[in-house]
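Visitor: no sequence on this one, just coordinates:
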């Protein structure tokens, strides 16, 4: 029976399940998975953080005042610059330097986005996003050298986070202290942070407060102007400006992002179910075509008249179908990191294959009638 199956059915079974597996993966699942991945990437900073607002250039005193507001839970002020960094490769990367590192956990650098972390406490530690780690070709525990104003500072890679789309060239988070702080302050004239993230417990109150926000970190010292008149003109321009278009409302974008992600995920599931339905129908059609072959009818008629079973033949077809379809489909989905999203549609197809096996066994008896 097995020899007969190998000679007359094996190739048909193999071609059918491989074709249906590839059809399911590349015609139905993967195009939608690519759209889903793009939606996730586009909305990463909104869906994977608790940041509600980003404000430009607050002064140190101003950020302290904001943090003390009853509707503010936490703040993360940072200085931003871009410089050459050397690991196992050299690349220009964004440096996010902060003296408010306790607030890092509500930003895009949190436990949800953390990919790897060191168990050792490093004095000079650096947190890299995946874009920076890939560009520098470094991993946890390796050393990177950062050049600022002709001075080179060494850090150990302590954590690696998911890529942050806000910084296309990659980002490195550093604690703003010691020599790093001295070098930056000696070379950059600034009265405040480059920007700050805010986490609030009352979006409405925070929004009203920020309506009158002025980036006081941009204010220059009186010593930089030749006359009081020039200084007052500059100061008035800063204080009378409207900076609402420079404030990013993450909370509003987060709601839209979550809806878009859920919608895209549902579309992926729908296409997977459609793919499984079409695959199931195709399996049934192929099963009917194969069982109506004259050669197979003649062979089974003789087998059953001699009181032998067709179970071995049908079981061989079942096993090749289940194993090959499951193996190819699951491997492809694992490569594209989508197995968890389509496991039920895959099981449906495998269930149909098992059902066809049972029906074939039942209908085989008709050959002796």
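Guide: Sure thing, it's come through. Just so we're clear, the structure is a prediction, and the values are computed from it rather than from any experiment.
Visitor: when you work out contacts or count neighbours from here on, use the C-alpha atoms and nothing else.
Guide: Will do.
Visitor: what packs against the longest helix belonging to the chain?
Guide: Using DSSP state H, we find that the single longest helix of the chain is helix 250-291. Secondary-structure packing of helix 250-291 (3 or more Cα pairs under 8 Å, 6 or more residues apart in numbering; DSSP states H and E): helix 10-23, helix 30-42, helix 44-47, strand 53-56, helix 339-364.
Visitor: can you rerun that using 7 Å?
Guide: helix 30-42, helix 44-47, helix 339-364 (3 or more Cα pairs under 7 Å, 6 or more residues apart in numbering; DSSP states H and E).
Visitor: right, so those: which one is the most enclosed?
Guide: helix 44-47 (a mean of 22; mean count of other Cα atoms under 10 Å).
Visitor: hmm, who's touching that helix?
Guide: 108, 164, 250, 253-254, 257-258 (Cα atoms under 7 Å, 6 or more residues apart in numbering).
Visitor: got TSV for those, with neighbour count too?
Guide: Listed next are these as TSV, based on neighbours: other Cα atoms under 10 Å:
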residue	neighbour count
108	25
164	21
250	22
253	16
254	21
257	21
258	18
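Visitor: could you pull out the helices in the stretch 1-150 of the chain for me?
Guide: Secondary structure of the stretch 1-150 of the chain by DSSP state H, counting those that start in this stretch: the helices cover 2-8, 10-23, 30-42, 44-47, 60-67, 130-136.
Visitor: and the fifth one, how far out from the chain middle?
Guide: So the one you mean is helix 60-67. With Cα atoms, centre = their mean, to the nearest Å as the basis, helix 60-67 stands 33 Å off its chain's centre.
Visitor: what packs against it?
Guide: Using 3+ Cα pairs under 7 Å, 6+ apart: helix 60-67 touches no other helix or strand.
Visitor: what does the domain assignment say about this protein?
Guide: What automatic domain parsing lists as the domains of the chain is 2-40+257-368, 58-214.
Visitor: ok so, going back, could you work out the most separated pair of the contacts of helix 44-47?
Guide: Pairwise distances across those peak at 17.3 Å for 164 and 258 (criterion: Cα to Cα).
Visitor: follow-up on the earlier one: adding distance to residue 224 and mean pLDDT, write the domains of the chain out as CSV.
Guide: Putting those into CSV (distance: least, Cα to Cα, whole Å; pLDDT from 0 to 100) gives the following:
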stretch, distance to residue 224, mean pLDDT
domain 2-40+257-368, 44, 85
domain 58-214, 11, 94
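Visitor: adding distance to residue 242, write those out as TSV.
Guide: Putting those into TSV (distance: least, Cα to Cα, whole Å) gives the following:
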stretch	distance to residue 242
domain 2-40+257-368	27
domain 58-214	8
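Visitor: ok, and for the lengthiest strand in the chain, which residues are buried?
Guide: If you go by DSSP state E, the chain has its longest strand at strand 72-86. Neighbour counts over strand 72-86 (16 or more other Cα atoms under 10 Å) mark 72-79, 82, 85-86 as buried.
Visitor: quick one on the thing from earlier: nearest to residue 348, out of the helices of the stretch 1-150 of the chain?
Guide: Per Cα to Cα, nearest to residue 348 of the helices of the stretch 1-150 of the chain: helix 10-23, 12.8 Å.
Visitor: flag every buried residue along that closest one.
Guide: Buried-residue list, helix 10-23, by 16+ other Cα under 10 Å: 10, 13, 16-18, 20-23.
Visitor: wait, which of those is closest to residue 360?
Guide: Among those, and counting by Cα to Cα, the member closest to residue 360 is residue 13, at 14.3 Å.
Visitor: quick one: residues contacting that closest one.
Guide: Contacts of residue 13 (Cα under 7 Å, 6+ apart): 317, 320-321.
Visitor: count of neighbours near the closest residue to residue 126 other than its chain neighbours?
Guide: Closest residue to residue 126 apart from its sequence neighbours, by Cα to Cα, 6 or more residues apart in numbering: residue 157 at 5.0 Å. Using other Cα atoms under 10 Å, the number of residues around residue 157 comes to 24.
Visitor: you'd agree residue 157 is up against residue 142?
Guide: Yes: using Cα atoms under 7 Å as the test, residue 157 is close enough to residue 142 to be in contact (5.6 Å).
Visitor: overlap of the contact sets of these two?
Guide: With the criterion set as Cα under 7 Å, 6+ apart, the contacts of residue 157 and residue 142 do not overlap.
Visitor: one step back: ok, which of the helices and strands packed on helix 250-291 comes nearest residue 115?
Guide: Using Cα to Cα, the nearest of the helices and strands packed on helix 250-291 to residue 115 is helix 44-47, at 14.6 Å.
Visitor: chain center to the closest one, what's the gap?
Guide: 10 Å.
Visitor: stretch 53-60 now?
Guide: Taking mean C-alpha positions (Cα atoms, centre = their mean), stretch 53-60 and its chain are 27 Å apart.
Visitor: show me the contacts for residue 175.
Guide: By Cα under 7 Å, 6+ apart, the neighbours of residue 175 are 97-99, 101.
Visitor: touching stretch 231-246 from outside, list them.
Guide: 55-56, 211, 213-214, 222, 225.
Visitor: for stretch 230-240, which positions count as buried?
Guide: So for stretch 230-240, counting by 16+ other Cα under 10 Å, buried means 231, 235, 238.
Visitor: just to be careful, could you list which of those are in strands?
Guide: Among the buried residues of stretch 230-240, no member lies in strands (by DSSP E).
Visitor: from those, pick the one nearest residue 40.
Guide: residue 238 (37.3 Å).
Visitor: which pair in the contacts of stretch 231-246 spans the largest distance?
Guide: 211 and 225 (29.2 Å).
Visitor: ok, now which ones touch the nearest residue to residue 99 once chain neighbours are set aside?
Guide: Excluding the flanking residues, the one nearest residue 99 by Cα to Cα, 6+ apart is residue 176, at 4.9 Å. By Cα under 7 Å, 6+ apart, the residues touching residue 176 are 97-99.
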